[in-house]
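# build me a structure from this.
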Amino acid sequence: MAGADSPSAALRRRDLCARGIRLAGKMRSDVVNLLDAYVERQGLDASASVAAVEGVPQAAVERWDEQTGTQRLLENLAAYRAFRALLAQMLEEQREQLGEADAALGQALAAMLLQVSAFAYHLEELLRLESRGPPSEEEDGPPPQPQGLFEQKLRGLGVLRELAQWAVRSARDLRQLSKPGPGTGSAPSPSESP
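Model (predicted):
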């Protein structure tokens with residue numbers, strides 16, 4: 001981890017974290033807007049309860065305050081890689097269901113897919129800086145397909161809700177990582193947990 005200890009590496013890490021925090025904030029704002037449009041266009045109730053969706057990583061984590069910076073980055077990267085596959089699947093399903101009839105929703109999903117892909121790349125850059133390098137992408141195959149149209153809509157709602165939560169968690173994780181001092185790669189004190 002010698003490369004990550006130099007002053008220039010620390011500055012670069014803080015810069016990448018600051019940019020990542022801004023990207024996460026924009027993504028959170030955009031996904032909330034997309035969620036509103038999705039609920040309206042799919043004819044769903046915004047307060048609909050959606051159980052944990054298979055293939056959707058959960059942002060909530062036990063013992064957040066015990067995680068190292070590298071663990072946080074790895075979990076974020078795994079989540080955004082999963083979201084990339086899920087959003088691509090949602091985009092394809094949306095095109096099959098509505099064709100060009102609802103181009104605005106398709107464009108919004110495509111834009112969110114681009115943001116998620118860019119954020120995953122940003123996380124990979126941070127991992128490289130930490131002398132850790134990103135893990136290779138494991139092809140688990142496509143995410144599981146919901147059985148019916150209503151189940152697809154509910155899964156989409158669950159994906160977007162969880163993505164909004166991940167954007168919040170990512171900003172917190174990057175703030176924690178950007179803090180100066182020896183604790184950036186190690187577990188923070190309990191007073192620093194979210």
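# when you work out contacts or count neighbours from here on, use the C-alpha atoms and nothing else.
Will do.
# please, which helix or strand holds Gln147?
Counting by DSSP states H and E, Gln147 is held by no secondary-structure element, helix or strand.
# what about it, neighbour count?
Using other CA atoms under 10 Å, Gln147 is surrounded by 8 other residues.
# ditto for Glu62
Neighbours of Glu62 using other CA under 10 Å come to 8.
# can you check the pLDDT for it?
Per-residue pLDDT puts Glu62 at 73.
# let me see the backbone angles for it.
phi -80, psi 150 (degrees, to the nearest 10).
# for the residue lying closest to Arg128 once chain neighbours are set aside, which three-state class applies?
Distance criterion CA to CA, 6 or more residues apart in numbering; nearest residue to Arg128, sequence neighbours excluded, is Pro134 at 6.6 Å. Classification of Pro134 by DSSP: H, G, I helix; E, B strand; the rest coil places it in coil.
# so who does Pro134 touch?
74, 124-125, 127-128 (CA atoms under 8 Å, 6 or more residues apart in numbering).
# one more time with 10 Å, if that's ok
By CA atoms under 10 Å, 6 or more residues apart in numbering, the residues touching Pro134 are 73-74, 77-78, 120-121, 123-128.
# that one and Ala10, how far apart?
From Pro134 across to Ala10, the span is 19 Å (CA to CA, to the nearest Å).
# check Leu154 too.
Using CA to CA, Leu154 is found at 43 Å from Ala10.
# and if you look at Glu137?
27 Å.
# could you check which of those two is surrounded by more residues?
Ala10 (20 against 10).
# which SSE is immediately downstream of the host helix or strand of that one?
Ala10 is part of helix 7-42 when elements are defined by DSSP H and E. Of the helices and strands lying after helix 7-42 in sequence (DSSP H and E), the nearest is helix 69-98.
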